[in-house]
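Asks: Sharing a sequence plus its predicted fold:
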Amino acid sequence: MDVRRIHDYLWEIPQSGGMRVPGRIYANRTMLDTLRNDPSLKQVQNVAHLPGIVGYSLAMPDIHWGYGFPIGGVAAMDVNSGVISPGGVGYDINCGVRLLSIECDKNEITPKIKMLLAGLFNAIPTGIGSHDAISNINAKQLSRILRNGASEAVSLGYGCENDLPTIEEGGCLKAAQPENVSHYAKQRGIKQLGTLGSGNHFLEIDYIDEIYDDDIAKTFHLRQNQVVIIIHTGSRGLGHQVCDDYIKVSLQSIQRYGLSLPDRQLACLPIQSKEGSQYIGAMRSAANFAFTNRQIIKSITEQVLLQKLKISPQTLGMRTIYDICHNIAKFETHVINGKQRQLCVHRKGATRAFGPGSPDLPPEYQKTGQPVLVPGDMGRYSYLCAGTETAMNETFGSSCHGAGRVMSRKQSLKFSRSMNMIDELANRGVSIMAKGRRTIAEEMPHAYKDVAGVIDVVQNAGISKKVCRFKPIGVIKG
Amino acid sequence: MTKSSYKIIDHTADTGLLIVADTLSDAYIQAALGMMDIMFEINTIRSVKMMNQHVHLSGNNEENFRAWLETCLHIVFIDEFLIQSITTLRSTTDKIVFSINGEPFDIKQHALLTEIKAITYHNFFIRRNNGMWEAHVIFDI
């Protein structure tokens, strides 16, 4: 495949054949050399075929193979002539990350980490047979959650109004249409509201071990050695089912809408179609479910910490720094060739990274740009960055979302047999609680790329700015 | 691979199944057992209760197979019933009736290790080949 260097951290697949736009990949040379043999580059090329695509088919440096769209893919479509792709959003609609801070330092929390993890592990269900988190939700309440998002969790007593401004979109995608979410999706949702999920979902207690930008860190109310909590989860079975339902609708509609696709997993719907509109309404509902889910888990986390640490809420001082989506499609206004255009921006395994001055950010982040949360694996580190003007100019205000796997689960299981995993993590200063040995083995650090390399690319490309690095103290996994 | 079996497919980010079976109903059974093997420690699942499941073969092979896999996810996540074994009671061209043995999910006994979120369309097929049924499915997990 012809790939040309734009600069050391940006590469272009020239427009050719059925591509409507070029492809652009944010990566360093070493990553690109690896990618040349990876089908994800072909996927970047395929996405460029989609009707109404604007600018470039983009890929962030954590790019890896996905279904249709690569993970780490960003594609913006004209709202009038373009399409929306359920596969371009992903099965886990609004899979995302919530970052919390507390007014405790590493030295206070580390001696108590096992007690805290045990409390959190018992209190936060993972997804089956556990209904203690939020029980007896009826259909009407679920509809309100799907329509209103995180504020509905607050109404139900989970967290407070102060949490909402620092959640992306205030914790609610407007114009959600719960009536376009299938009965089966709602059944799955009712069973799983307030649950973490399994696999690479987690709740992690970290501390800030390095600060790169003092001013931004101060604005984010963060300091060296402060303890933070990262929650990674999404829309659970409800979102997965919405995606599945509308992939079916999209596949059935390909011929009717005269779509010619290089990969049927790019199945999509015209934005200005009845089915497209239905998917958008359902997707927004699923996104709101995920915002609600993270709000509930935040609230449970706070209650556990208060109980175990025996301190007051004021002393704990839990704060929502930010909550981001990294599987979503959003309707946004961007400047293209000097003109404002309404676009539908797909971010699949990519994070919104709006720069300073963006009206979509809360007032306190207007000067800094949006917090961009980039979790790494459970043994090394995660990063907090800020959005930039360069991101607004080049990537529709988008950046990376994580590290990506280098080993399959089976490979990681095999590799883990040669070590004492708990000791291995303990040597890194990390305590863990998980459902079973297999879960830990599949998610060990050796199974993942080093997220530092991904951060290095976005920093050097100018699409995000490093603010600080977190190191894990303890993690719970479903 | 021996007759009527499943193999869990290694995949960097997700996982899946490759199935070979003598009959269509056997292929369905292997798929269900393979899904349980991905999601749970199967030696913790006992045969305590039995239920019959009617599967209507109203679409093409792939549509029917997908519907069956979705039924299995429904049994696990909505009915919260874990499948230990399945036998075919009756099989015709438009219907299969299975007898499913297993037990209700018990949080003290069972752990959901890997949640199958969805059945992808990636290389999804079920077909006859050299007198056997073969199927391939990748799950989003």
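Replies: Perfect, I can see it now.

Asks: For chain B, what lies in contact range of chain A?
Replies: Counting by C-beta under 8 Å from any C-beta of the partner chain, chain B comes close to chain A at B:8, B:10-13, B:15, B:41, B:74, B:76-78, B:80, B:105-107, B:110-115, B:117-122, B:140-141. (Glycine included, C-beta is placed from N, CA and C.)

Asks: Which ones among those residues map onto helices?
Replies: If you go by DSSP state H, the residues of chain B next to chain A have B:74, B:76, B:77 in helices.

Asks: Can you flag the buried ones in the residues you listed?
Replies: B:76, B:77 (16 or more other C-beta atoms under 10 Å in any protein chain shown).

Asks: Could you pick out the one among the ones in helices among the residues of chain B next to chain A with the lowest pLDDT?
Replies: Among those, residue B:77 carries the weakest pLDDT, at 90.

Asks: got the contact list for that residue?
Replies: Taking C-beta atoms under 8 Å, 6 or more residues apart in numbering or on different chains, we find residue B:77 in contact with A:128, A:188, A:191, A:192, A:237.

Asks: Closest one of those to residue A:9?
Replies: residue A:237 (38.0 Å; C-beta to C-beta).

Asks: Run a quick check on the closest one versus residue A:190, I expect a contact.
Replies: No. Residue A:237 lies out of contact with residue A:190 (C-beta atoms under 8 Å); the separation is 9.4 Å.

Asks: which one of those two has more residues nearby?
Replies: residue A:237 (29 against 21; other C-beta atoms under 10 Å in any protein chain shown).

Asks: so what pLDDT did that one get?
Replies: If you check residue A:237, the pLDDT there is 92.

Asks: Give the next helix or strand downstream of whatever helix or strand it lives in.
Replies: Using DSSP states H and E, the element containing residue A:237 is helix A:236-253. Toward the C-terminus, helix A:236-253 is succeeded by strand A:269-270 as the next helix or strand (DSSP H and E).

Asks: Pull the residues that contact that following strand.
Replies: Here strand A:269-270 makes contact (C-beta under 8 Å, 6+ apart) with A:51, A:82-85, A:246, A:249-250, A:253, A:257, A:275-276, A:279.

Asks: Figure out how far that strand is from the centre of its chain.
Replies: Put simply, strand A:269-270 sits 24 Å off its chain's centre (C-alpha atoms, centre = their mean, to the nearest Å).

Asks: Quickly name whichever of the ones in helices among the residues of chain B next to chain A is closest to chain A.
Replies: residue B:77 (6.0 Å; C-beta to the nearest C-beta).

Asks: Flag the shaky bits of the chain, pLDDT-wise.
Replies: If you meant another chain, say so; for now it's chain A. Low-confidence segments of chain A, defined by pLDDT under 70: A:127-133, A:135.

Asks: should've been chain B
Replies: Scanning chain B for pLDDT under 70 picks out B:1-2.

Asks: who's sitting farthest from the centroid in it?
Replies: residue B:108 (24.1 Å; C-alpha atoms, centre = their mean).

Asks: Tell me which residue is most central in chain B.
Replies: For chain B, residue B:32 is the residue whose C-alpha lies nearest the centre (C-alpha atoms, centre = their mean; 1.6 Å).

Asks: That one touches residue B:84, doesn't it?
Replies: No. In this structure residue B:32 lies outside contact range of residue B:84 using C-beta under 8 Å: 10.4 Å.

Asks: any idea which helix or strand carries residue A:330?
Replies: Residue A:330 belongs to strand A:327-336, assigned by DSSP H and E.

Asks: Paired strands for that strand, with orientation please.
Replies: Strand A:327-336 has the following strand partners under DSSP bridges: strand A:339-348 (antiparallel).

Asks: Which of the contacts of residue B:77 sits closest to residue A:445?
Replies: Comparing the contacts of residue B:77 against residue A:445 with C-beta to C-beta places residue A:128 closest, at 27.0 Å.

Asks: Just the ones in helices from the contacts of residue B:77, please.
Replies: Within the contacts of residue B:77, residues falling in helices by DSSP H are A:188, A:191, A:192, A:237.
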